[in-house]
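# sequence plus predicted model, see below.
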Amino acid sequence: MLVSGCSWDLSLPECRSLKDKRRVVKSLKDRIRGRFNVSVAETAYQDVWTRAQLSVALVTSDGASPDSVLSKLDRFIEGEHRVVILSVNKVRY
């Protein structure tokens, strides 16, 4: 069994309030959950309008699968026009 995770520090340049930020982050989290079937949470910068950190975790019994899913997630988030990726941190246990 492998446990893998990844965190993305994101800039949200179009957000002008916490309400704007919550709408963007909630939409992104819901689409990630629905498309990739992973656990996802906002893990930092909850009170900052223009920053967010999203983290995902997944558990698999296959060694190749987590890397594939995390690579697809990277591309998915890169394609989101409302966010800019500042840094990425991947972990595997």
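Thanks, I have it. Numbers count the residues shown, from 1 in each chain.
# how close does the residue positioned nearest the centre of the chain get to residue 21?
Residue closest to the average C-alpha location in the chain (C-alpha atoms, centre = their mean): residue 54, at 3.9 Å. According to C-beta to C-beta, to the nearest Å, residue 54 and residue 21 sit 12 Å apart. From N, CA and C alone the C-beta is placed, and that goes for glycine too.
# which residues are contacting the helix ranked longest in the chain?
Secondary structure of the chain per DSSP state H: the longest helix is helix 18-36. Helix 18-36 is contacted from outside by 12, 14-15, 38-42, 47-50, 52, 54, 56, 58, 69, 72-73, 76-77, 80, 82-83, using C-beta atoms under 8 Å, 6 or more residues apart in numbering.
# buried stuff in that helix?
Under the neighbour-count criterion of 16 or more other C-beta atoms under 10 Å, helix 18-36 has 21, 24, 25, 28, 29, 32, 36 buried.
# could these go into a markdown table alongside pLDDT?
As requested, these are arranged in a markdown table below (pLDDT from 0 to 100):
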| residue | pLDDT |
| --- | --- |
| 21 | 96 |
| 24 | 96 |
| 25 | 97 |
| 28 | 96 |
| 29 | 97 |
| 32 | 96 |
| 36 | 92 |
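# out of these, name the two that are farthest from one another.
Spatially, the most separated pair among the buried residues of helix 18-36 is 21 and 36, at 21.9 Å (C-beta to C-beta).
# next step: the contacts of helix 18-36 restricted to strands.
Among the contacts of helix 18-36, DSSP state E puts 39, 40, 41, 42, 52, 54, 56, 58 in strands.
# buried among those residues? Need that as a selection in PyMOL.
Here is the PyMOL command that selects only those of the ones in strands among the contacts of helix 18-36 that count as buried (16+ other C-beta under 10 Å):
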select buried, resi 40+42+52+54+56+58
